[in-house]
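*Asks:* fold the following.
(one chain, ligands or ions: 1)
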Amino acid sequence: MQKNHFESIPNHQTGILITAAGGPEVLVPVELPVPECGPSDVLIRVVSAGVNRHDVNQRRRGPDSVHSPVPGLEVSGVVARVGANVTHVGIGDEVCALVDGGGYAEYAIADAGQVLPVPSAIALRDAAALPEALFTTVHNFFNVAKLAPGESVLIHGGTSGVGTLATQVLTVLGHLVYATCGTDEKCAMAEKLGADKAFNYRTLAFAKAVLAATDGRGVDVILDLAGAAHGPQNIEALARRGRVVHLSPGGNADLSFPLRELMRKEAVVTGSLLRPLPNDEKAGIARWLHTHIWPLIGTSIKPMITRRLPLARASAAHEALERGDVAGKILLDVTGSFN
Ligand SMILES: NC(=O)c1ccc[n+]([C@@H]2O[C@H](COP(=O)([O-])OP(=O)(O)OC[C@H]3O[C@@H](n4cnc5c(N)ncnc54)[C@H](OP(=O)(O)O)[C@@H]3O)[C@@H](O)[C@H]2O)c1
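*Replies:* The predicted structure follows:
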């Protein structure tokens, strides 16, 4: 039993399919069935979909037997149908949500616990830039690294989709934030977003720079999205009992660092994957975001949206992300994309 809007929901929709492992050209618009809405699900008519590095990596690996062949982990849009057990979301609500794939499409399914209202100070079409980066920030800094009040952080990729929001959130919450970026221009952007200092990881040894900036103490938590690139420098830049949290396995890289230094500092090197987290844990993150961060969205915390492309041009969005000239988030405009 589900509550719905039968007259306005078609049986079929257009979505972007990963047709094979390969370059952006393997992303092809196709006709697909509108997904079924289970008892705890919400069917969203998608207005905007976020593009993440994860989608690029999934496309390169190609379709598999576990994940939806339609990429996309975050959307904003209007609720079209709700499952029988869903109470806090209603048909017609403007929402944004974390989705388990399927975001690059006209309709997407989200578990109701991962659906949030569009914050009042931003537009519906912009809200798709929020879920993936904010869920990632909260889970990794607070649940995994147990970031405590007053602790400092280093965020690699300060102008990445994740980094642009993480920097703002942690700055607003009173943490001292340092960042790394691959160009001086991006370093300046990261500092505008709130980083106390941003270091160009291509032109200087960031660990030495972090130690110089912290009077030799180092930072308490490092968020690393660069695979195994910075093993020894991360340990060097950490304070005693610091934690490094990895977001990217770098393919399936082997990470190495000086063990003696890790032991001397009682450092912890860990990481996490958001997508396979149980739904109840994701719902807990959503509730925390709604209480603590949602009132600040649009005022002290703003998504950095650098490009919008129609859904049909998802491949161009992937090309841009792979060129590395993007700071912040690319969004796909879904409504009207195929009309
Ligand atoms: N584990 C999880 O649950 C989870 C969740 C979300 C994201 N992620 C991962 O986190 C990463 C970021 O995602 P995104 O969508 O925000 O990506 P994105 O916007 O494409 O950004 C990628 C970033 O990586 C930075 N980078 C590349 N090489 C680097 C290096 N050697 N040192 C420091 N920074 C480096 C780039 O910095 P420059 O452009 O300045 O060179 C860029 O800012 C991706 O690997 C993604 O798969 C994982």
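
*Asks:* does residue 227 really touch residue 251, like I thought?
*Replies:* Yes: assessed by C-beta atoms under 8 Å, residue 227 is found in contact with residue 251 at 6.9 Å. In short, each C-beta sits where N, CA and C put it, glycine included.

*Asks:* neighbour count winner among those two?
*Replies:* Neighbours were counted for residue 227 and for residue 251 using other C-beta atoms under 10 Å; residue 227 has more, 16 against 10.

*Asks:* ok, that one to the ligand distance?
*Replies:* Distance check for residue 227 against the ligand: by C-beta to the nearest ligand atom, to the nearest Å, it reads 8 Å.

*Asks:* which residues are in contact with residue 172?
*Replies:* 194, 296, 300, 301 (C-beta atoms under 8 Å, 6 or more residues apart in numbering).

*Asks:* if we go to 6 Å?
*Replies:* By C-beta atoms under 6 Å, 6 or more residues apart in numbering, the contact list for residue 172 reads 296, 300.

*Asks:* residue 335 now?
*Replies:* So residue 335 contacts residue 47 (C-beta under 6 Å, 6+ apart).

*Asks:* mind pulling up the pLDDT for it?
*Replies:* Predicted confidence (pLDDT) for residue 335: 86.

*Asks:* beyond the helix or strand of the chain with the lowest mean pLDDT, next helix or strand please.
*Replies:* Least confident helix or strand of the chain, by mean pLDDT, DSSP states H and E, is strand 2-4 with a mean of 55. Moving toward the C-terminus from strand 2-4, the next helix or strand (DSSP states H and E) is strand 12-18.

*Asks:* packing partners of that following strand?
*Replies:* strand 27-33 (3 or more C-beta pairs under 6 Å, 6 or more residues apart in numbering; DSSP states H and E).

*Asks:* any idea how far the next helix or strand after the strand it packs on is from the chain center?
*Replies:* Later in the chain than strand 27-33, the nearest helix or strand by DSSP H and E is strand 41-51. How far strand 41-51 lies from its chain's middle: 15 Å, per C-alpha atoms, centre = their mean, to the nearest Å.

*Asks:* okay, strand 41-51 in CSV with CA atoms only?
*Replies:* Below are the C-alpha coordinates for strand 41-51, written out as CSV (Å, rounded to 0.1, in the frame of the first residue of the first chain):
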residue,chain,number,x,y,z
ASP,A,41,10.8,4.7,0.4
VAL,A,42,10.1,8.0,-1.2
LEU,A,43,9.8,8.5,-5.0
ILE,A,44,11.2,11.8,-6.0
ARG,A,45,10.6,13.6,-9.3
VAL,A,46,14.1,14.8,-9.7
VAL,A,47,14.8,18.5,-10.5
SER,A,48,18.6,18.4,-10.0
ALA,A,49,21.2,15.6,-9.5
GLY,A,50,24.7,16.0,-8.0
VAL,A,51,27.7,14.7,-9.8
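
*Asks:* can you list the strands that it pairs with?
*Replies:* strand 74-83 (antiparallel), strand 107-111 (antiparallel), strand 329-333 (antiparallel) (DSSP bridges).

*Asks:* residue ranges with poor pLDDT in the protein?
*Replies:* Low-confidence segments of the chain, defined by pLDDT under 70: 1-7, 336-339.

*Asks:* cheers, nothing more for now.
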